[in-house]
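Colleague: All I have is the shape, not the residue letters:
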């Protein structure tokens, strides 16, 4: 999976510190998600981020097949 948020110009822009404040999620966890430095993400985390940014899960992440 790949982070889609960087490629969504013009949508609601919130920095990591503000997103942490709005969602109650730890700033380090959000940073890891943003930098694609995590092995997984909880549904609750996705829900909080989507709610804060008024977006859908598909706006945040993209499925990339391992088949090359």
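Modeller: Sure thing, it's come through. Quick caveat, the model's predicted, so the values are computed rather than measured.

Colleague: pull the longest helix from the protein.
Modeller: With residue count as the measure and DSSP state H as the assignment, the chain has helix 43-53 as its longest helix.

Colleague: can you give me the strands for the protein?
Modeller: Under the criterion DSSP state E, the chain contains strands at 2-3, 61-62.

Colleague: Compare the mean pLDDT across those and name the weakest.
Modeller: Mean pLDDT across the strands of the chain is lowest at strand 2-3; the value there is a mean of 56.

Colleague: before we move on, the earlier item: if we go by neighbour counts, what in the longest helix of the chain is buried?
Modeller: For helix 43-53, the buried set under the neighbour-count rule, 16 or more other Cβ atoms under 10 Å, comprises 45, 48, 49, 50, 52, 53. Just so you know, the C-beta spots here come from the backbone N, C-alpha and C atoms, and that holds for glycine as well.

Colleague: same check, this time on stretch 33-44
Modeller: By neighbour count, with 16+ other Cβ under 10 Å as the criterion, the buried positions of stretch 33-44 are 33, 41.

Colleague: What's the end-to-end length of that stretch?
Modeller: Counting by Cα to Cα, to the nearest Å, the length from the leading to the trailing residue of stretch 33-44 is 14 Å.

Colleague: per-residue confidence averaged over it?
Modeller: Per-residue pLDDT values over stretch 33-44 give a mean of 92.

Colleague: Dump the buried residues of helix 43-53 to a markdown table, plus distance to residue 39.
Modeller: Written out in a markdown table, the entries for the buried residues of helix 43-53 read as follows (distance: Cβ to Cβ, whole Å):
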| residue | distance to residue 39 |
| --- | --- |
| 45 | 13 |
| 48 | 19 |
| 49 | 17 |
| 50 | 20 |
| 52 | 23 |
| 53 | 23 |
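
Colleague: And those residues, which is closest to residue 32?
Modeller: Nearest to residue 32 among the buried residues of helix 43-53, counting by Cβ to Cβ, is residue 45 at 10.7 Å.
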